[in-house]
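K.L.:
structure for this input, please:
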Amino acid sequence: MTVTVTTESAEGYRHRISVNETHSLFTDIPTALGGEGSAPEPHDLYDAALGACKALTVSLYARSHDIPLTGIGVEVTRDDSEERKGHYRLDVKLTLRGALTDEQRATLLRIADKCPVHKLMTQVETHIETRLAEGDFSQ
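P.N.:
Numbers count the residues shown, from 1 in each chain. A predicted model of the protein is given here:
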């Protein structure tokens, strides 16, 4: 899997994000920081990954266990006020739709915290190596 991020224009901060050359989305920075605010900023995409993963994980689990979930809403709220101190807080609110028992609702809530992105954000040490590409470059 490859994610490629490329500049849309030399004047702005908007970038195209391509995932495996088959899906595209965009990122920008807020107008307060000099961007156009035309797309989510990277923190938004990080937070959205958690919400999307929880929605997909719960939906998949419900279908595979014949739980009558008819829809799900996931609201992720960020508190980054202490990010520079090493604390980044995400609060997640699930809205489960369908004729669910209390037991089914509790099970789906538990399953939401088992989504791969939740685990990645909370249980995995990530190592990142950044290097310059080699070869001819246009100026």
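K.L.:
give me the pLDDT for the residue nearest to the spatial centre of the chain.
P.N.:
Centroid check for the chain by CA atoms, centre = their mean gives residue 49 as the closest residue, at 1.5 Å. Residue 49 carries a pLDDT value of 97.
K.L.:
once you drop chain neighbours, what's closest to it?
P.N.:
The shortest distance from residue 49 to any non-neighbouring residue, by CB to CB, 6 or more residues apart in numbering, is to residue 117 (5.1 Å). (Each C-beta comes from the backbone N, C-alpha and C, glycine too.)
K.L.:
what residues are up against the one you found?
P.N.:
Residues in contact with residue 117 (CB atoms under 8 Å, 6 or more residues apart in numbering) are 49, 50, 52, 53, 54.
K.L.:
turn those into JSON lines, including secondary structure.
P.N.:
Shown next, in JSON lines, are these (DSSP: H, G, I helix; E, B strand; the rest coil):
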{"residue": "49", "secondary structure": "helix"}
{"residue": "50", "secondary structure": "helix"}
{"residue": "52", "secondary structure": "helix"}
{"residue": "53", "secondary structure": "helix"}
{"residue": "54", "secondary structure": "helix"}
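K.L.:
buried among those? Make that a ChimeraX selection.
P.N.:
Applying 16 or more other CB atoms under 10 Å to these, the buried members can be selected in ChimeraX as follows:
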select :49,50,53,54
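K.L.:
buried ones in stretch 53-65, by neighbour count?
P.N.:
Buried, per 16+ other CB under 10 Å, within stretch 53-65: 53, 54, 55, 57, 58, 59, 61, 62.
K.L.:
ok, for the first one, nearest residue in space, not its chain neighbours?
P.N.:
The spatially closest residue to residue 53, leaving aside those adjacent along the chain, is residue 117, at 3.7 Å (CB to CB, 6+ apart).
K.L.:
list the ones among the buried residues of stretch 53-65 that fall in helices.
P.N.:
If you go by DSSP state H, the buried residues of stretch 53-65 have 53, 54, 55, 57, 58, 59, 61, 62 in helices.
K.L.:
pLDDT and distance to residue 102 added to the buried residues of stretch 53-65, as CSV?
P.N.:
Listed next are the buried residues of stretch 53-65 as CSV, based on pLDDT from 0 to 100; distance: CB to CB, whole Å:
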residue, pLDDT, distance to residue 102
53, 98, 24
54, 98, 20
55, 98, 21
57, 98, 20
58, 98, 16
59, 98, 19
61, 98, 17
62, 98, 15
